[in-house]
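Colleague: Coordinates only, no sequence provided:
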């Protein structure tokens, strides 16, 4: 038990004394994984230009809902406001509030 305590104390001392990089070959440890989407244009998915695959990666959007988003924009000439997303079957207020910070509406004419 004493050896275990001494071993732990040594490890903690090495890591807390700035030796943390040594455990990673003199480099900083890898960054924590993030759940944020990283897309071009400030990380936002453009509802008027996104592919089915891009839409499918959004939280609460699966393949069916992604297809419905594409169909909606084709039938209506694109999205003009984010709130129109709630007109797509399967996207209610709760899902919309999760998606709102992740999406944008570019000019439908530039598709």
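Modeller: Looks like it arrived, so ask away. All values reported here derive from a predicted model rather than from experimental measurement.
Colleague: Could you use CA atoms for every contact and neighbour count after this?
Modeller: Will do.
Colleague: how long is stretch 78-98 end to end?
Modeller: End-to-end distance of stretch 78-98: 21 Å, with C-alpha to C-alpha, to the nearest Å as the criterion.
Colleague: Now tell me what touches it from outside.
Modeller: 47-48, 59-60, 65, 68-69, 72-73, 100, 103-108 (C-alpha atoms under 8 Å, 6 or more residues apart in numbering).
Colleague: pLDDT-wise, what's the bottom of those residues?
Modeller: Sorting the contacts of stretch 78-98 by confidence puts residue 108 at the bottom, with a pLDDT of 66.
Colleague: mean confidence score for stretch 75-91?
Modeller: The average pLDDT for stretch 75-91 rounds to 96.
Colleague: What residues of that stretch count as buried?
Modeller: Of the residues in stretch 75-91, those buried by neighbour count under the rule 16 or more other C-alpha atoms under 10 Å are 78, 79, 80, 85, 86, 88, 90, 91.
Colleague: For the fifth one, give me the backbone phi and psi.
Modeller: Here the main-chain torsion angles of residue 86 (degrees, to the nearest 10) amount to phi -70, psi -10.
Colleague: all numbers from here: first residue = 668
Modeller: With 668 as the first residue, the last one maps to residue 753.
Colleague: May I ask which helix or strand encompasses residue 716?
Modeller: According to DSSP states H and E, residue 716 maps onto no helix or strand at all.
Colleague: Correction: the previous question concerned residue 740.
Modeller: Per DSSP H and E, residue 740 falls inside helix 730-743.
Colleague: likewise residue 720?
Modeller: helix 719-723.
Colleague: how about that helix: buried residues?
Modeller: The neighbour-count check on helix 719-723 (16+ other C-alpha under 10 Å) flags 719, 722, 723 as buried.
Colleague: same for the helix holding residue 740, what does it pack against?
Modeller: helix 719-723 (3 or more C-alpha pairs under 8 Å, 6 or more residues apart in numbering; DSSP states H and E).
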